[in-house]
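# Quick one, structure for this:
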Amino acid sequence: MNIFVNFVLLLLLISFVESAKHIKSIKLSKNVIYDCMDIYKQPSLLHPLLKHHNVQMKPSGWDSQLENRLVNKRHKKRIHCPSGTVPILRTKNKNVLYSQEYSKNHFNFLTAQYPGTHIAGVRTEGKNIYRGVGARISTYDLSIGKDQSSSAHTYVATQSNDDSNSIQVGWMINERLFGNKQPWSYGSWLGKHGSGCFNVQCPGFIQVNKENPISEPLSNVQDPLSFSIHQDKETKNWWLTNIKPFGIRIVVGYWPNELFNVLRDGADFVGYGGIVTSDPRGPSPPMGNGRLPNIDDRLWSGSIDHLNIIDSNYTIVGANDIKSVPLVDSNKCYDVYYRGYVDDDVGVSLSYGGPGGFKCGY
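Below you'll find the predicted structure:
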């Protein structure tokens, strides 16, 4: 059933993209092209679960007029679609197929269960109700093989018996997914019937911002990425927000609540950390910046800071108020150190990562 549903979605997307009309194209490089499509005709709305979905333009209670003016003054965007359209990354069929396979097999918020997958991070302990999560994630330019990937992320997730839903956002190096060896920002989801995908490579995520796509190549890895995922109090949709310097919050888009079955009423867990994947017969790739954490030096290894959560009352609280569980499956190659106290400069933070290699196990 799951295979059939994903296959139908793929055929729908390929058919739509081949016939869709776009108003403008933006070429960042030879293989990175965004098409500006009508916001109400974007490919994600082809998902069968979104047949009767009405596009929500901004989160409930959100007033972004002042912020938009500040963004226009302070940030020059490489991508700028006309009003009423949104940037959709042009994607090859093989990348779409791989993105569905990857999201299903290589991400589990409790353990690294797929051969060649390794994790190092923390998640909240026990089951509570969370309405969102946020973090600032440092980015790195690593040497990653064609059949490998390395990423850092923050996520919300819920598990009920054998069913699980999740949303994660962060950065990733994955040539098979993105077509080059650059770090990319990304977002992915797992929902009903085992369906799920990355970015807008198959139906699901609704893009509403005309200048800030959910996924784009990172030209300056010195700049950390700041994200938040939060559930809309009224519609229960899950919004992605990009937090820029000067405290500017830019709404990117959302995952409609119709995509989920056990995540519709909030998340049981939130977490932060890194994931790597590779052929289990070969070496594992580096994670973070390629160094194991040093307790005395926050920036020695991969760094994620300004950790926060949104509690059941839709209130943003510091991550120092929660109990966390470390998740490391191969401490010979990777590790994590959680600083559960508030630092005046970076809030609550964690260090994670490692060099990888041949002795990481399966």
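
# tell me which residues form a beta bridge with the most centrally placed residue in the chain?
By Cα atoms, centre = their mean, the chain has its centre lying nearest to V169, at 1.8 Å. Taking DSSP bridges as the rule, V169 bridges to T154, G187.

# thinking it is in contact with F198, fair?
No. Using Cβ atoms under 8 Å, V169 makes no contact with F198, being 10.6 Å away. To be clear about C-beta, it is placed using only N, CA and C from the backbone, and glycine gets the same treatment.

# intersection of neighbour lists for those two?
Shared contacts of V169 and F198 (Cβ atoms under 8 Å, 6 or more residues apart in numbering): Y186, G187, S188.

# quick one: the residue nearest to the centre of the chain and L177, what's the gap?
15 Å (Cβ to Cβ, to the nearest Å).

# got it, and V32?
According to Cβ to Cβ, V32 and L177 sit 13 Å apart.

# quick one, which of these two is more surrounded?
Between V32 and L177, L177 has the larger neighbour count (other Cβ atoms under 10 Å), namely 25 against 18.

# pretty sure that one contacts S149?
Yes. Counting by Cβ under 8 Å, L177 does reach S149; the two are 7.1 Å apart.

# Does H118 lie in a helix or a strand, and which?
Using DSSP states H and E, H118 maps to strand 117-124.

# Ignore what I typed, I meant N261.
Per DSSP H and E, there is no helix or strand for N261.

# ok, the residue nearest to it when sequence neighbours are not counted to D265 distance?
Of all residues not flanking N261 in the chain, K192 sits nearest, at 4.9 Å (Cβ to Cβ, 6 or more residues apart in numbering). According to Cβ to Cβ, K192 and D265 sit 14 Å apart.

# the more surrounded of the two?
Neighbour count, other Cβ under 10 Å: between K192 and D265, K192 has more, with 18 against 13.

# which residues touch the residue nearest to the centre of the chain?
By Cβ under 8 Å, 6+ apart, the residues touching V169 are H153, T154, Y155, S185, Y186, G187, S188, F227, I229, L240.

# quick one: which of those residues has the most company?
S188 leads the contacts of V169 on contacts (other Cβ under 10 Å) with 29 neighbours.

# so how far is R298 from that residue?
S188 sits 27 Å away from R298, going by Cβ to Cβ.

# Next: K92.
Taken as Cβ to Cβ, the span from K92 to R298 is 39 Å.

# Tell me who's in contact with Y34.
So Y34 contacts S25, I26, L28, I79, C81, P87, I88, L89, R90, P213 (Cβ under 8 Å, 6+ apart).

# Can you tell me which of these end up in strands?
Using DSSP state E, the subset of those located in strands is S25, I26, L28, P87, I88, L89.

# got a winner among the residues you listed for most neighbours?
Busiest of the ones in strands among the contacts of Y34 [other Cβ under 10 Å] is P87, holding 28 neighbours.

# Who does the residue nearest to that one when sequence neighbours are not counted form a beta bridge with?
If the residues on either side of it in the chain are set aside, P87 comes closest to Y34, at 4.0 Å by Cβ to Cβ, 6+ apart. Following DSSP bridges, Y34 is listed with bridge partners I26, L89.

# Could you number the chain from 57 rather than 1 from now on?
With the count now opening at 57, the last piece we talked about shows up as Y90.

# and Y90, how far is that from Y96?
Relative to Y96, and taking Cβ to Cβ, Y90 is found at 18 Å.

# Same check on R337?
Taking Cβ to Cβ as the measure, R337 falls 47 Å from Y96.

# Ok, I82 next?
Look at I82 and Y96: by Cβ to Cβ, they are 20 Å apart.

# and if you look at G322?
Separation of G322 from Y96 (Cβ to Cβ): 29 Å.

# So for the two, which sits in the more crowded spot?
The residue with more neighbours, out of G322 and Y96, is G322; 19 against 11, by other Cβ under 10 Å.

# what about stretch 344-363, start to end distance?
When the termini of stretch 344-363 are compared using Cα to Cα, to the nearest Å, they are 17 Å apart.

# I should have written stretch 343-362 there, sorry.
20 Å.

# where's that stretch relative to the chain centroid, distance-wise?
20 Å (Cα atoms, centre = their mean, to the nearest Å).

# what about V404, helix or strand, and which?
With DSSP H and E as the test, V404 turns up in strand 403-409.
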